[in-house]
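> pasted the sequence and its predicted model underneath.
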Amino acid sequence: MELQLQNLSRQFGRKCAVDNINATLAPGVYGLLGANGAGKTTLMRMICGVLKATSGNIRLNGKTMQELGERYYTRLGYMPQDFGFYPDFTAREFMLYMAAVKGLDKKSAKSRTEELLYMVNLQEAADKKIRSYSGGMKQRLGIAQAELNHPSVLILDEPTAGLDPKERVRFRNLVSGFAKEKIVILSTHIVSDVSSIADTILMMKNGRFLLQEPMDAVTDSIRGKVWEVLADEREAAEYGRRFLVVSLHHENNMVRLRIVNETSPAAGAVSVEPGLEDLFLYHFGDVSSFL
């Protein structure tokens, strides 16, 4: 299976939200990273057919969305950033309703609903009104509905936004379980949410891909550009003004800083192994984008 994005662009007036994107995606988990406004949601809505491309093509196994028509959408599962639940539905009622929308017959709808509610650990709350659900429960229901039709392409837009750390870990494990033999695109500006489950990182800025790299090689480009420095409080404040500081930790009366910089920031600086957050900061230059 193969999803191709060919010279894909989307204009909103004079603004180019997606600018000539090209990529070929095979089964696996793709972490789509970028700061707010990078174009991630626009790109995903184009892949899902919610937005029409200004130019370019989207192909599934060599055929365009237009050629495939309804067959394209039967291969697709989508969880948008702001998913519209019906608060007076129970989870079971909602799943059965979404199964009907997706064209499942009654028998398949019922069995698939029960299977997925069990998989997302909502079976005991299946007959409770969605209005009573926590944010994490709603997110799990959101991914369950996206999986109803056994999609070949699963699109998840900011699925962990607003979740507490425990729910985020649970959600990442859930996505990993669903990711076998399908293309999963997981969009987020929270770097830690993809670092443990993504096979490939797609980093987006100003509507373009900065990089498309496998997870095990994605930080190679900044190897030798991440440093640790042990400094006193006064020196630490000066480093904070002069360099991109990823993190700092107080140790007794000293401060240990992690700095991203092309060259050593100080005589006593030690080069350390780079991580995904270091890479993000290197390209976007503002640690607040993903905290």
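Perfect, I can see it now.
> quick check: phi and psi at the spatially closest residue to G275 that is not a sequence neighbour.
Spatially, and ignoring its direct neighbours in sequence, G275 is nearest to T219 (6.5 Å; C-beta to C-beta, 6 or more residues apart in numbering). In this view, the C-beta of every residue, glycine as well, is placed from N, C-alpha and C. Taking degrees, to the nearest 10, you get phi -90, psi 10 for the backbone angles of T219.
> so how far is S195 from T219?
According to C-beta to C-beta, to the nearest Å, T219 and S195 sit 10 Å apart.
> report how many residues lie close to the residue nearest to G275.
T219 has 20 neighbouring residues, counting by other C-beta atoms under 10 Å.
> which residues sit against the host helix or strand of E167?
Using DSSP states H and E, E167 sits in helix 165-178. Contacts to helix 165-178, defined as C-beta atoms under 8 Å, 6 or more residues apart in numbering, come from residues 29, 119-121, 134-136, 139-140, 143, 147, 154, 156, 159-160, 163, 184, 186, 193, 196-197.
> cutoff 6 Å now
Helix 165-178 is contacted from outside by G136, E147, T160, I197, using C-beta atoms under 6 Å, 6 or more residues apart in numbering.
> next: stretch 181-196.
Outside stretch 181-196, the residues that touch it by C-beta under 6 Å, 6+ apart are 3, 25, 27, 29-32, 35-36, 40, 44, 152-158, 160, 276-277, 280, 290.
> what's the answer for stretch 53-70, then?
Residues from elsewhere that reach stretch 53-70, judged by C-beta under 6 Å, 6+ apart: E2, L3, Q4, Q6, N7, L8, S9, R10, Q11, M46, Y72.
> returning to what we had before: now the element after the helix holding E167, going C-ward?
Next helix or strand after helix 165-178 toward the C-terminus (DSSP H and E): strand 183-188.
> just the contacts of helix 165-178 now: which is nearest L104?
Nearest to L104, judged by C-beta to C-beta, of those is E147 at 11.8 Å.
> show me what contacts that closest one?
Shown in contact with E147 (C-beta under 6 Å, 6+ apart): G77, L116, F178.
> what of N20?
N7, S9.
> give the pairing partners of the helix or strand hosting it; include direction for each.
Element membership for N20 (DSSP H and E) is strand 15-25. When pairing is defined by DSSP bridges, strand 15-25 lines up against strand 3-12 (antiparallel).
> okay, buried residues for the strand it pairs with please.
L3, Q4, L5, Q6, L8, S9, R10 (16 or more other C-beta atoms under 10 Å).
> now the stretch 151-291 of the chain, which segments are flagged as low pLDDT?
The stretch 151-291 of the chain contains residues with pLDDT under 70 at 286-291.
> now do the helices in it.
Applying DSSP state H, counting those that start in this stretch to the stretch 151-291 of the chain gives helices spanning 165-178, 192-195, 233-242, 276-284.
> ok, which of those comes nearest L257?
helix 233-242 (5.6 Å).
> what residues sit buried inside that closest one?
So, applying 16+ other C-beta under 10 Å, buried residues of helix 233-242: A236, Y239.
> run the chain-centre distance for that helix.
The chain centre lies 33 Å from the centre of helix 233-242; the measure is C-alpha atoms, centre = their mean, to the nearest Å.
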